[in-house]
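> structure, please.
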Amino acid sequence: MFFNTLLSGDNFAAIGEQTLNKIATVALSSLLKGHEHLDVQVKTSPEEITIGKLSGLFIDGEGLLLETDLRVQQLQIALQNVAVSPLKALRGNLVLTETAFGQARIVLTEKDLNCAVNSPALRAQLSVLDTYLDNGATRLTVPEKYCHFHAGGKVGIDAHLNLEPGNHKKQVEFTTQPAITNEGRGVELGAIQYTPGKEVEPELTDAFLDKARQMLDLRHFEKDGLHFKLTELTVEPGRIVLGAIAELSKLPRLT
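Purely as a prediction, here's the structure:
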């Protein structure tokens, strides 16, 4: 009797979609901290909420921090058929009972990505800060690297390489075309074209590309409970636009 009363249409009318929107916004705000704008829309009905279903959960954010130093210019997520606990929803807490899937669109600017890949926070996350060349004695580090997004899907890279022992320094500059790899879990740099006078040996090229692949692994940029699988990658002047499958497995608990 209590369950049926709590899930009645009158109770849903009291809480309504607007209240659910606020609940979801607060929960996602604690997950996506530092946002400039965050709009969350919940679509459901009395009949759906009684069986623990949201027909849709839509997220539109700008200036979001996915990690300490990774700012995303825009993040849009559309989730369909989201399963939640009906009792907890009507008590003011959205708790997912199943992983929700949908589509995502992510926009990264050149400036924001450069800040991220050069940040101490990201470097501290990586367990592969150092790359050893084939001889096993020479250590390659890349203290500075910068991306430039061009028309035609091209990305320009310029980087400073350090070789130890000996404190040898080299500067490399080339263009490449990024591609989705690892079944949507990362990005790799394709065939490269060096700027004349900024070439390095093939061994160093391979080592640098391997380090770039490690840094562009999506696991370094994901939040607890929110994961992406890339399906599209479009390079435009000044920015890169990613299409992805989004997976939301949980929302932060509200106390």
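> low-confidence regions, the stretch 151-255 of the chain specifically.
220-221, 253-255 (pLDDT under 70).
> quick one: the strands in it?
Here the stretch 151-255 of the chain has its strands, by DSSP state E, counting those that start in this stretch, at 155-164, 168-176, 178-181, 186-189, 193-194, 226-236, 239-248.
> of all these, which lies closest to Thr44?
strand 239-248 (15.7 Å; CB to CB). Where C-beta positions appear, they are placed from N, C-alpha and C, glycine not excepted.
> tell me which other helices or strands the closest one touches.
Applying 3 or more CB pairs under 8 Å, 6 or more residues apart in numbering; DSSP states H and E, we find strand 239-248 packed against strand 70-83, strand 100-109, strand 226-236.
> out of the strands of the stretch 151-255 of the chain, the one nearest Gln214 is which?
Closest of those to Gln214 is strand 186-189, at 8.8 Å (criterion: CB to CB).
> returning to what we had before: now the helices and strands packed on strand 239-248 in TSV, with distance to Leu204?
Formatted as TSV, the helices and strands packed on strand 239-248 follow (distance: least, CB to CB, whole Å):
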stretch	distance to Leu204
strand 70-83	27
strand 100-109	27
strand 226-236	24
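> tell me which of those strands approaches Glu48 most closely.
Of all these, strand 70-83 comes closest under CB to CB, at 9.5 Å.
> quick one: which of the strands of the stretch 151-255 of the chain is nearest Glu48?
Between those, strand 239-248 lies closest to Glu48; by CB to CB that is 17.7 Å.
> any idea how far that closest one is from the chain center?
Its chain's C-alpha centre and that of strand 239-248 lie 7 Å apart, by CA atoms, centre = their mean, to the nearest Å.
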